[in-house]
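1. give me a model of this one.
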Amino acid sequence: MTVTPTISAAAAAVSRLQVLRDRIRADPRHGLQTLQDNPGLDTVDTQILLAETYQRLGQHQVAYTVAGQAVTAVSRADTVRLLAACAVRADVACRLGGGTAMTSCHDYARLGARQSDPARTVLAGAVYAVASYNFINCVEGGTRLARLRQIADHRKHRDHPVAVAILHAYTVMHDLCRHRRHPYPGEPDPLPGGLLTPDLTQLAPTALAQLLRHTAITHRCVRGRR
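-> So this is what the prediction gives:
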């Protein structure tokens with residue numbers, strides 16, 4: 001008799017989450033208003049979705065702050081939501097740059113490395129590799145991504161969207177170093193892995209490549225200094 005209400009409450013929460021996902025995807029501003037008024041979710045879920053919504057509205061600094069609040073608030077034992085919050089924070093941090101990106105992406109990669117899902121592990125590492133390329137130097141970022149490409153290129157995983165995106169990013173890294181010009185100007189789309197788009201198979205082939213030097217047209221290559 002005590003189990004049924006729990007199941008019903010859980011089902012209602014899942015249903016509410018899906019309604020909010022659809023609303024945010026269709027109209028981020030409307031979704032933001034709903035999240036600020038009465039989302040009907042717990043604090044952590046609300047914060048993660050808020051961060052993702054602010055990101056879609058181009059308010060990256062606010063998104064980063066809210067995602068950080070979610071990372072702090074979620075239980076360390078709640079690995080699913082902790083990973084979602086870290087994924088969103090790392091993605092937003094890549095757009096802000098500097099030490100912010102390196103710290104957040106390293107946390108995401110370290111947490112991802114402890115997961116049983118190889119796609120999540122490799123994607124988290126790839127985001128860290130992109131941040132290393134953009135904000136440390138291209139040699140370090142390229143080396144990190146080359147290792148992940150070898151893992152992703154295994155015959156069991158090579159057709160997975162994460163593996164395809166890593167291959168695209170690896171190719172673009174070499175093109176940037178060779179030609180010094182950025183082939184994907186403009187704002188990259190948000191990466192999957194949070195609560196809004198948890199399915200990693202939704203990762204676009206060029207998603208990681210678009211994060212590479214998206215804030216600069218000309219690449220300052222260090223390969224010639226070695």
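
2. by mean pLDDT, which helix or strand of the protein comes out lowest?
-> helix 3-26 (a mean of 77; mean pLDDT, DSSP states H and E).

3. ok, then the element right after that helix?
-> Downstream of helix 3-26, the first helix or strand assigned by DSSP states H and E is helix 28-37.

4. quick one: mean pLDDT over stretch 177-192.
-> What stretch 177-192 shows for mean pLDDT is 76.

5. span of that stretch from start to end?
-> Stretch 177-192 has an end-to-end distance of 27 Å (criterion: CA to CA, to the nearest Å).

6. tell me where this structure has helices.
-> 3-26, 28-37, 43-56, 60-73, 79-96, 98-112, 118-135, 138-152, 161-179, 207-211 (DSSP state H).

7. what's the closest of those to G194?
-> Nearest to G194 among these is helix 79-96; the distance by CB to CB comes to 4.1 Å. Quick note: C-beta positions are derived from backbone N, CA and C, even for glycine.

8. quick check: angle from the closest one to helix 118-135?
-> 20 degrees (axes from the mean of the first three to the mean of the last three CA atoms, to 10 degrees).

9. quick one, helix 79-96 and helix 60-73 angle?
-> Using the same axes, to 10 degrees, helix 79-96 lies at 150 degrees relative to helix 60-73.

10. and helix 79-96, which residues are buried?
-> Residues of helix 79-96 classed as buried: 81-96 (neighbour count, 16 or more other CB atoms under 10 Å).

11. return the member of those nearest to A163.
-> A87 (17.8 Å).

12. quick one: low-confidence ranges for this structure?
-> The model of the chain has pLDDT under 70 over residues 1-10, 155-156, 181-186, 215-218, 224-226.

13. L111 and L83 touch, don't they?
-> Yes: in this structure L111 lies within contact range of L83 using CB atoms under 8 Å: 5.8 Å.

14. dump the helices of the chain to JSON lines, plus distance to G193.
-> As requested, these are exported to JSON lines (distance: least, CB to CB, whole Å):
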{"stretch": "helix 3-26", "distance to G193": "14"}
{"stretch": "helix 28-37", "distance to G193": "18"}
{"stretch": "helix 43-56", "distance to G193": "10"}
{"stretch": "helix 60-73", "distance to G193": "12"}
{"stretch": "helix 79-96", "distance to G193": "4"}
{"stretch": "helix 98-112", "distance to G193": "9"}
{"stretch": "helix 118-135", "distance to G193": "7"}
{"stretch": "helix 138-152", "distance to G193": "15"}
{"stretch": "helix 161-179", "distance to G193": "10"}
{"stretch": "helix 207-211", "distance to G193": "11"}
